[in-house]
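> after the sequence you'll find the predicted model.
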Amino acid sequence: MSGRARLAVCAALATLAAACALLPLVDPATWLLQAAMLVGIQAGVGAAARRVPLPGAVTVAAQAVVSLLLLTLVFARQYAPGGFVPVPGVFVRFGELLRQGADDVSQYAIPAPVTDGIRLMLVGGVLVIALLVDMLAVTFRSAAPAGLPLLALYSVAAGLSESGARWLWFLCAAGGYLLLLLAEGRERLSQWGRVFTDRSRPGSAPYQPGSVRGAATVPVRTGRRIGVLALGLSLLVPAALPSLGGGLLEAARDSGGQGGKGGGTISAVNPLVALQDSLNQPENRTALVYSTDSEETQDLYMRIVALDKFDGSAWKPSERRIGEVPDPMPTPRGLAPGVRTDKVRSTVKAGEWYAQDWLPMPYPANRVRIEGKWRFEPEGRTLVGYDGQTTRGVRYDVESIQVRPTAEQLRNAPEPPAALRREYTAVPDSLPDVVRETARRVTRGAEDDYDRAVLLQDWFAVKGGFSYDTQVQAGSGTAAITKFLQEKEGFCIHFSFAMASMARTLGIPARVAVGFTPGTARGDGKMEIGLQDAHAWPELYFEGVGWTRFEPTPTRGTTPSYAQPNTPDSDGDTGEQLPDRGQADRPAPSPSDDDRCTAQEKRSDPECGLANPLPGSGGSEKGFPLPAAVGIAAGALVLLLLLVLPMLLRLRSR
């Protein structure tokens, strides 16, 4: 193989290595095989044109034309004469697919399905990058600037990916670029002519024109050492820098080692954006399938994590110590022997595509049987994976407890421990007074914390004039809570954050849980949970019962039996309501229905009380953040161009 042919192969491999960074963004990854086939044909056309030889510009034009024919054959053959001739109708089809792809990437969360539009964007983008790399590195013999399109491809993928193995994709991209540089160095070295070798050593190879073997490989070895050193630094330096987190739950960081017992801490990020994305998915992809021996599945919420710290900007989990998973787990905090409990056994299977660090389980779990690397966080009673362990495809058995307190037990609950009360009633100084004032007004006349909690729940779910809308702009800080109380539109995050904040201002320990509602029953006796079942709800602490679920979000989930008001009207509700700006567009509640319906019936029956507002449909405004990714790529290109500008000026002068 000639030096130019070897360089063309390395250019194609470098492009495909950088394209591997796109693999976590979509599922399945079969598009990469198609892209590899087209890139190989494109590289072969370039090699044949250079062997003729044709001028560099003609070679690039020939590759571009063949690439267009290939894309036509793959994506628009029904619009082209002969299946590959690009007529105007073909370009119209390309435009439709690109628009469809842009819509798809704005609708789907990562990993997105490979629709025709997304596939054209992926395969066509890789083909364009491959053409640029081949043009710079092979046709015009300048491999160093070929790193610019490779960097652009990797930057877009890295900016969008939330995969915990991003370092692996960086290693692939960097390795492909170094391979390209070494191939160019070898090709240039082979053109230097006679290379003098040390023939005094026994076994020295005879001289071969253009050979770079034997003792003549000193420049190549030096280049390899420099490349390895640069690659090592590029891997170590980013690891020492802070990184941006994202997604429902950020990857766990176990500082206690890879397999050590007990030790380490765990923290996670605000789940607001990813939860909203899940609720807005046009396709309700199945995340979990489970079977259970419980006859009442309406209370079997699959809880993932508890957000117990409110710093004014967001609700988030506190940093906690994690350790080995105990068997059985300790008794739930605050649960007294006199409260009725039922044991429930469930077998859960996670989808092959559903990968996150925290394990969804009914709360509170007592025993968990699961394979893999998991740690236990005792305060939230959660399991978190470490060393790359996720929920992807796992199967596990959970023995949990269904706590069934009575209203009297909650009403007569003693004071919680001082330390717990202090931690879980803390609110930031930036919390507006309207939150406290509204909480006091809604609960006026209540005699205990239980009555206050029920009044808050009933006000959000039924009496307050709130509407459920997943298209509301995301926000989790104090300003977002104030806006939610004024505009009365939001989804489960807003309802749970607001109720937990208001409960804390009343001295009731509160936190927010994130997970899934129980899902829907299948014909085979199993329950199925999809992305659109993602949910958040407040948990309030009552001594003797422990952390207790409430359900303030209208049309979502079910109100626990202990939290349903016993009377049609609560003494603490004076009937004062802020004006609901969307009220004119919805049927007015019937006074007679409102008098005879319970809060639970008002949620589930459109004819009873307020009609159920329909959740917003359509795509999320999240999904792939394309403008941000383009900005990242453009910034990386400008930075790299500035770095190589002196070298380019020197080359131009020579």
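Arrived safely, thanks for sending.
> which residues of the stretch 351-500 of the chain score low on pLDDT?
Scanning the stretch 351-500 of the chain for pLDDT under 70 picks out 473-476.
> which residues of it fall in helices?
Ranges of helices within the stretch 351-500 of the chain are 407-411, 418-424, 433-442, 449-458, 478-487, 492-505, based on DSSP state H, counting those that start in this stretch.
> what helix or strand is residue 122 located in?
Assessed by DSSP states H and E, residue 122 sits inside helix 116-134.
> likewise for residue 179?
Assigned by DSSP H and E, residue 179 falls in helix 166-189.
> CA atoms only: put that helix into PDB for me.
Coordinates of each C-alpha in helix 166-189 appear next as PDB, following Å, rounded to 0.1, in the frame of the first residue of the first chain:
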ATOM      1  CA  ARG A 166     -17.500  10.300  27.500                       C
ATOM      2  CA  TRP A 167     -13.800   9.700  28.200                       C
ATOM      3  CA  LEU A 168     -13.900   6.600  26.000                       C
ATOM      4  CA  TRP A 169     -15.300   8.500  23.000                       C
ATOM      5  CA  PHE A 170     -12.700  11.200  23.600                       C
ATOM      6  CA  LEU A 171     -10.000   8.500  23.500                       C
ATOM      7  CA  CYS A 172     -11.400   7.200  20.200                       C
ATOM      8  CA  ALA A 173     -11.400  10.600  18.600                       C
ATOM      9  CA  ALA A 174      -8.000  11.500  19.900                       C
ATOM     10  CA  GLY A 175      -6.600   8.200  18.900                       C
ATOM     11  CA  GLY A 176      -7.900   8.500  15.400                       C
ATOM     12  CA  TYR A 177      -6.400  12.000  15.000                       C
ATOM     13  CA  LEU A 178      -3.000  10.800  16.300                       C
ATOM     14  CA  LEU A 179      -3.200   7.800  13.900                       C
ATOM     15  CA  LEU A 180      -3.700  10.300  11.100                       C
ATOM     16  CA  LEU A 181      -0.700  12.500  12.200                       C
ATOM     17  CA  LEU A 182       1.600   9.400  12.400                       C
ATOM     18  CA  ALA A 183       0.500   8.200   9.000                       C
ATOM     19  CA  GLU A 184       1.300  11.600   7.500                       C
ATOM     20  CA  GLY A 185       4.600  11.700   9.300                       C
ATOM     21  CA  ARG A 186       5.500   8.300   8.000                       C
ATOM     22  CA  GLU A 187       4.500   9.300   4.500                       C
ATOM     23  CA  ARG A 188       6.600  12.500   4.600                       C
ATOM     24  CA  LEU A 189       9.600  10.600   6.000                       C
END
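> tell me what angle that helix forms with helix 116-134.
Put simply, helix 166-189 runs at 30 degrees to helix 116-134, going by axes from the mean of the first three to the mean of the last three C-alpha atoms, to 10 degrees.
> what is helix 166-189 packed up against?
Secondary-structure packing of helix 166-189 (3 or more C-beta pairs under 8 Å, 6 or more residues apart in numbering; DSSP states H and E): helix 3-19, helix 147-160, helix 218-240. C-beta: built from backbone N, CA, C; applies to glycine.
> for the ones you listed, which has the smallest mean pLDDT value?
Sorting the helices and strands packed on helix 166-189 by mean pLDDT places helix 218-240 lowest, at a mean of 51.
> still on that earlier bit, now the helix holding residue 179: how far from the chain's centre is it?
Offset of helix 166-189 from its chain centre (C-alpha atoms, centre = their mean, to the nearest Å): 30 Å.
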